[in-house]
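> A predicted structure for the sequence below; I have some questions about it.
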Amino acid sequence: MKQIPIVVTAAIEVAVNQVLALDPDTVARLREIDGKVIAIELQGLDVALYLIPTDTGLSVFGHFEGEPDTTLRGSPVGMLRMGLAENASDSFFAGEVEISGDVELGSQFRAILDGLDIDWEEHLSHITGDVVAHRVGSFVRDAVDWGRKTLDTLGRDGAEYLQEESRDLPNRFEMEEFLAAVDTLRTDVDRLEARVERLVSRRKNKENFQ
Amino acid sequence: MNEQQDKDTTHFGYQEVPREEKVNRVAGVFHSVADKYDVMNDLMSLGIHRLWKRFTIEHSGVRAGQRVLDIAGGTGDLAAKFSRLVGDRGEVVLADINASMLSVGRERLVERGVLGNIDYVQANAECLPFADNHFDCITIAFGLRNVTDKDAALRSMYRILKPGGRLLVLEFSKPVMPGLSSVYDLYSFKLLPMMGKWVANDEESYRYLAESIRMHPPQDALKAMMETAGFERCKYFNLTGGIVALHRGYKF
């Protein structure tokens, strides 16, 4: 196992704790597993990170003397997918991420990081004041809302145009009718094939008699 | 080293002083630099001392619930980190022979919100006032070279460590990287006292720091001293080309 340079782990620790500082709830939940040693092994890259929750955040080490309490082992992509997936157990069943040691602790740690929820508006308000922060917050929310609605409508309108106006695409009923017709045709062909075979064998039998 | 050959005098930087006087001389240096020690550390090592200390913590194996002693831990950098790692069930003792350094360290830690599981003890490393087999880990960072009788100090540390416990000595050492020595000489004998003069207005104290670094036993000599004191599985790691070395030994 290679060791991550100490400058890098120091930088990771500072960055992680800056993000954590924005979400006091997560820091409080991390306190429940205070002092446990969580190893994260990245396969392929052949490196490990050791995370130790403390009362003020996370300590990040590239080396730890002794056994970690729990080890999460997986490829970088598998780890990322576990972080992003709605249902984390998917990656476990797919065998992408392996937990060894204290399995309960491993999933608890994962659940804590999953719950990370940063109230950007609140933190912005410390810099800009409440009014501006709220305006920026509403603007961002509205923009996101508008974007989602627009995409949704565009999708629906676009489909309708292609199906009903330009007739480039079939609509749902035509499609179902077509698929049903294909099914009928296939079974008809099957029946015809069977019939031909029967006729051929009957003919062979007649020839044998004569 | 000459302290073994001649029992009546010992070195204070490059000077020879009577043995009993070294403690007072060293105390004088640290009383005088205490409040600027932090700034000077950053300046002198270009901030790298933080990485050396981090390396020490990574190799300490300290975990929740353990008891840690940080000797000569004046500014409390290591103690603050240990206090978080051992948590509420653990205990950290910050010891320093120098009252000024201890009070500066204590003030800094309280300001950083490090309280509760940490105690402060003014103690001489040669005769540590703790019970036998008491600590899981002992660290001494940039302190051992100022101790008059290093062998006695190592024996004293060995006595109060629990079986399975470990000692970590972080100290300036002998550069091993070719070419580094000459640059390092220029730096420590010319630049360092100059910086000491400008920043801390105390050229003499910083000249002592530079000289005392040179008088400190190099890597293998210190390792042998630790083995003589009873430590096992002794090992050292050269950091930054050997300017600093971390020695680690276990008591079994």
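Sure, I can see it.
> Mind listing residues that contact the helix or strand hosting residue B:186?
Assessed by DSSP states H and E, residue B:186 sits inside helix B:180-186. When contacts are defined by C-beta atoms under 8 Å, 6 or more residues apart in numbering or on different chains, helix B:180-186 is touched by residues B:175, B:241-243. Any C-beta I mention is one placed from the backbone N, CA and C, and that applies to glycine too.
> Could I get the average pLDDT for it?
For helix B:180-186, the mean pLDDT works out to 82.
> What are the buried residues along that helix?
residue B:184 (16 or more other C-beta atoms under 10 Å in any protein chain shown).
> And the helices in chain B?
For chain B, applying DSSP state H gives helices covering B:2-5, B:19-33, B:37-45, B:49-58, B:77-86, B:99-111, B:150-160, B:180-186, B:192-195, B:203-215, B:219-228.
> Need phi/psi at the closest residue to chain A within the stretch 51-200 of chain B.
Distances between the stretch 51-200 of chain B and chain A by C-beta to the nearest C-beta are smallest at residue B:64, namely 2.6 Å. Comment: the main-chain dihedrals of residue B:64 come out as phi -50, psi 140, following degrees, to the nearest 10.
> count of residues packed around the closest residue in space to residue B:125 that isn't next to it in sequence?
Setting aside the residues directly before and after it, residue B:125 is nearest to residue B:153 in space (C-beta to C-beta, 6 or more residues apart in numbering or on different chains), at 4.2 Å. When neighbours are counted by other C-beta atoms under 10 Å in any protein chain shown, residue B:153 registers 24.
> Same check on residue A:170?
One way to gauge burial is a neighbour count; for residue A:170, by other C-beta under 10 Å, it gives 13.
> Tell me the secondary structure at it.
coil (DSSP: H, G, I helix; E, B strand; the rest coil).
> correct me, but it touches residue A:178?
Yes - shown here, residue A:170 and residue A:178 form a contact pair, counting by C-beta atoms under 8 Å, at 6.7 Å.
> State which strand of chain A is the longest.
Scanning chain A for the longest strand, with DSSP state E as the assignment, gives strand A:47-54.
> how about that one: buried residues?
By neighbour count with 16+ other C-beta under 10 Å, strand A:47-54 contains the buried residues A:47-54.
> Stretch B:128-145 too?
B:128, B:130, B:134-145.
> Just confirm yes or no for it near chain A.
No - no part of stretch B:128-145 sits near chain A under the criterion C-beta under 8 Å from any C-beta of the partner chain; the closest distance found is 9.9 Å.
> Endpoints of that stretch, how far apart?
Counting by C-alpha to C-alpha, to the nearest Å, the length from the leading to the trailing residue of stretch B:128-145 is 17 Å.
> After the lowest-mean-pLDDT helix or strand in chain A, heading C-terminal, what element do we hit next?
When each helix and strand of chain A is scored by mean pLDDT, DSSP states H and E, helix A:89-93 comes last, with a mean of 53. As assigned by DSSP H and E, the chain's next helix or strand after helix A:89-93 is strand A:97-101.
> residues from chain A in reach of chain B?
Taking C-beta under 8 Å from any C-beta as the test, the list of chain A residues beside chain B reads A:6-7, A:9-10, A:34-37, A:52, A:54-56, A:59, A:61-66.
> Now the buried members of those.
With burial judged by 16+ other C-beta under 10 Å, the buried subset of those is A:6, A:9-10, A:34-37, A:52, A:54-56, A:59, A:61-64.
> List the ones among the residues you listed that fall in strands.
Under the assignment DSSP E, these contribute A:52, A:54, A:59, A:61 to strands.
> Residue B:147 and residue A:30: what is the separation?
39 Å (C-beta to C-beta, to the nearest Å).
> Only the buried subset of the contacts of helix B:180-186, as a ChimeraX command please.
With 16+ other C-beta under 10 Å as the criterion, this ChimeraX line picks the buried residues out of those:
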select /B:175,242,243
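> Please produce TSV containing the contacts of helix B:180-186, extended by distance to residue A:174 and pLDDT.
Output for the contacts of helix B:180-186, formatted as TSV (distance: C-beta to C-beta, whole Å; pLDDT from 0 to 100):
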residue	distance to residue A:174	pLDDT
B:175	82	87
B:241	77	85
B:242	80	87
B:243	80	87
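> If we only consider the contacts of helix B:180-186, which is nearest to residue B:113?
Each of the contacts of helix B:180-186 was scored against residue B:113 by C-beta to C-beta, and residue B:243 proved nearest at 32.3 Å.
> That closest one - nearest residue in space that isn't next to it in sequence?
Leaving aside its chain neighbours, residue B:243 sits nearest to residue B:175 (5.5 Å; criterion: C-beta to C-beta, 6+ apart).
> Contacts only, for that neighbour.
Residues B:181, B:184, B:241-243 are the ones in contact with residue B:175 under the rule C-beta under 8 Å, 6+ apart.
> at 10 Å instead, please
Applying C-beta atoms under 10 Å, 6 or more residues apart in numbering or on different chains, one finds that residue B:175 lies in contact with B:181-185, B:218, B:238, B:240-244.
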